[in-house]
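Asks: predicted model follows, preceded by the sequence.
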Amino acid sequence: MSDVNLDNISRFVNELIKKGFDDVAAKVEVVDSVMTKIANSSVSIVQNWKRTIVDLYLAKNRRIFVLHFEPKSFKDLQKHVDSVISLADRVTESPIYAPLPEPSKVRYVEEVIDKRVIEAAHRENIESVAGMMQVGYNEIILSSSKGALLEEKKTFVQGYLRAFAQPDGSGQWCYTSTTLDLSGLESMAFTASRYAVDSRNRSEIEPGVYDVILSPMVFANLLEYITSMASAMSVIMGWSMFMKNRPGDVVASQLLTLQDEPRNTELPNFRSFDDEGVETCNKLVIEGGVLRTLLHNTKTAKYMNTTTTANAGWINPVPWNIVVRPGSATLDEMVSEVRRGLFITNNWYTRLQNYVEGMFSTVARDAIFYIENGKIVKPVTKIRIADKLGNILKNVAIVGRELYNIQWWEVGIPMKTPYILVKSINISKHTI
């Protein structure tokens, strides 16, 4: 799609208003990236993408439509838009409709474009990268019928490595950033390899209640579900453990503080403006265990009689970058505080059995260790956490002092998370 620029997008929005829509917004995202995959310590495949993604928000007579395309040109969108016009009167009015906000001055986050990332994205091969690495350039353009015309550019780096050690050891770690930081990638490789070697010769343990150290990867995976439930739309739709709570309620340990930081330029989801064109701001979601705010766009804010937090999503408010306030403990100090417990470095297959109660289970994978009397005793296998997300939050006993940049296919929202110690967690057996 070669006709992407501010003028063309603004012109396209104005044409849609002339067709009879009350509100129109167009978000165009251009992503130029390369992914290198490694299998058996060798480069197995290198894939390049240059994608142009167009999202449209259309409203007519309080009826809302959101469309998603990867077109060759704006002309390709016309027939789809025309079909929406014919359907508009047959669709039920939205109970959460609110007009798009008037544009206001947006203070841009300092632009982060690492030329080394762009150069890497145009190489045919990145042989120095172990595991999987994706580097790319991202440009976002937003235009609305209220007059918003905004643009932002950035680069991103994502990678993860899974290492294996005979006979049964495995470890995994990941990394994400907006700049090409080789030390972060080297640390990713070292951590995965160390966990693989240390987790050889595994044994099984009995299910029960254990104190559990969660790695930054595991904690980030659980926080993705928790922060998604902090979306006001999740509360409205009945998909949230915070349905019974209001800002000011205690929902977690006083040791836990959690922020949404769209203006943190170290993480790839930094944004100066949300999808409604509202200037973003860093905000406390949980502070010292107290719920401070839900995440809002103008629709949910109007529905709940409050103000937007600049987390639009045209329908569903979303977190941008999640950052946990660090504590003061090292990992070794955490281990020394555990009398009978587990250290879980990775997980997958996280599933919610009851959203309102926060009942979930997740399968531990790769390096898992049994701890007794302050020391790691042995690697173990075949366990899952089966508890409530609320218990995870409330039973945090120690927060690590070092934060790690986390994002991979089990953690879609970029995060900075520490190791944490959580008391009295239910552990069950996992059988294949």
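Replies: Nice, thanks for sending it over.

Asks: any idea how far residue 135 lies from residue 173?
Replies: 18 Å (CB to CB, to the nearest Å). Quick note: C-beta positions are derived from backbone N, CA and C, even for glycine.

Asks: would you say residue 236 is within a helix?
Replies: Yes. According to DSSP: H, G, I helix; E, B strand; the rest coil, residue 236 belongs to a helix.

Asks: ok now do it, which residues does it touch?
Replies: Residue 236 makes contacts with 96, 300, 303-304, as judged by CB atoms under 8 Å, 6 or more residues apart in numbering.

Asks: out of those, the closest to residue 163 would be?
Replies: Nearest to residue 163 among those, counting by CB to CB, is residue 300 at 43.0 Å.

Asks: element containing that closest one?
Replies: helix 298-303 (DSSP states H and E).

Asks: who does that helix touch, helix- and strand-wise?
Replies: helix 232-237 (3 or more CB pairs under 8 Å, 6 or more residues apart in numbering; DSSP states H and E).

Asks: still on that earlier bit, output the helix holding residue 300 as PDB, nothing but the C-alphas.
Replies: Taking Å, rounded to 0.1, in the frame of the first residue of the first chain, the C-alpha atoms of helix 298-303 are listed here in PDB:
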ATOM      1  CA  THR A 298     -14.200   7.800  26.300                       C
ATOM      2  CA  LYS A 299     -17.100   5.200  25.900                       C
ATOM      3  CA  THR A 300     -16.400   3.300  29.100                       C
ATOM      4  CA  ALA A 301     -15.600   6.600  30.900                       C
ATOM      5  CA  LYS A 302     -19.000   8.000  29.900                       C
ATOM      6  CA  TYR A 303     -20.800   4.800  30.900                       C
END
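
Asks: could I get the average pLDDT for that helix?
Replies: The average pLDDT for helix 298-303 rounds to 98.

Asks: quick one: the helices in the chain?
Replies: 6-18, 78-87, 115-121, 182-198, 216-229, 232-237, 298-303, 331-336, 389-394 (DSSP state H).

Asks: lowest average confidence across helices and strands of this structure, where is it?
Replies: In the chain, the helix or strand scored least confidently by mean pLDDT, DSSP states H and E is helix 115-121, which has a mean of 50.

Asks: tell me how far the closest residue to residue 93 other than its chain neighbours lies from residue 276.
Replies: Leaving aside its sequence neighbours, residue 93 sits nearest to residue 62 (CB to CB, 6 or more residues apart in numbering; 4.3 Å). As judged by CB to CB, residue 62 and residue 276 stand 17 Å apart.

Asks: look at these two and report which has more neighbours.
Replies: The neighbour comparison of residue 62 against residue 276 (other CB atoms under 10 Å) goes to residue 276, with 25 against 16.

Asks: isn't the more buried one right next to residue 101, touching?
Replies: Yes. Assessed by CB atoms under 8 Å, residue 276 is found in contact with residue 101 at 5.5 Å.

Asks: now list whatever residues contact both of these two.
Replies: 298, 308.

Asks: helices and strands around the longest strand belonging to the chain, which ones?
Replies: Identified as the longest strand of the chain according to DSSP state E is strand 42-60. If you count contacts as 3+ CB pairs under 8 Å, 6+ apart, strand 42-60 packs onto strand 23-39, strand 63-69, helix 78-87.

Asks: orientation of the shortest one relative to strand 23-39 in degrees?
Replies: Right, the one you point to is strand 63-69. If you take axes from the mean of the first three to the mean of the last three CA atoms, to 10 degrees, strand 63-69 sits at 30 degrees to strand 23-39.

Asks: same thing with the last one?
Replies: The directions of helix 78-87 and strand 23-39 differ by 130 degrees, with the same axes, to 10 degrees as the criterion.

Asks: pull out the buried positions in helix 78-87.
Replies: The neighbour-count check on helix 78-87 (16 or more other CB atoms under 10 Å) flags 81, 84 as buried.

Asks: please state the offset of it from the chain centre?
Replies: In this view, helix 78-87 has its centroid 33 Å away from the chain centroid, taken as CA atoms, centre = their mean, to the nearest Å.

Asks: only alpha carbons, please: show it as PDB.
Replies: Below are the C-alpha coordinates for helix 78-87, written out as PDB (Å, rounded to 0.1, in the frame of the first residue of the first chain):
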ATOM      1  CA  GLN A  78     -14.600   1.500  -0.500                       C
ATOM      2  CA  LYS A  79     -16.800  -1.600  -1.100                       C
ATOM      3  CA  HIS A  80     -16.500  -2.700   2.500                       C
ATOM      4  CA  VAL A  81     -17.500   0.800   3.800                       C
ATOM      5  CA  ASP A  82     -20.500   0.900   1.400                       C
ATOM      6  CA  SER A  83     -21.700  -2.400   2.800                       C
ATOM      7  CA  VAL A  84     -21.600  -1.000   6.300                       C
ATOM      8  CA  ILE A  85     -23.800   2.000   5.200                       C
ATOM      9  CA  SER A  86     -26.500  -0.400   4.000                       C
ATOM     10  CA  LEU A  87     -26.400  -2.300   7.300                       C
END
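
Asks: by contact count, what packs against that helix?
Replies: strand 42-60, strand 63-69.

Asks: tell me what angle it forms with strand 42-60.
Replies: 40 degrees.

Asks: measure how helix 78-87 sits relative to helix 6-18, angle-wise.
Replies: 30 degrees.

Asks: rewinding a little: now tabulate the helices of the chain in CSV and tack on distance to residue 165.
Replies: Formatted as CSV, the helices of the chain follow (distance: least, CB to CB, whole Å):
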stretch, distance to residue 165
helix 6-18, 51
helix 78-87, 52
helix 115-121, 29
helix 182-198, 4
helix 216-229, 19
helix 232-237, 41
helix 298-303, 48
helix 331-336, 20
helix 389-394, 30
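
Asks: worst average pLDDT in those helices?
Replies: Among the helices of the chain, helix 115-121 scores lowest, with a mean of 50.

Asks: partners of residue 143 in the sheet?
Replies: Beta-bridge pairing for residue 143 (DSSP bridges): residue 26, residue 149.

Asks: tally of neighbours for it?
Replies: By other CB under 10 Å, neighbour count at residue 143 equals 25.

Asks: that one: what's it in contact with?
Replies: By CB under 8 Å, 6+ apart, the contact set of residue 143 is 6, 9-10, 12-13, 25-26, 149-150.
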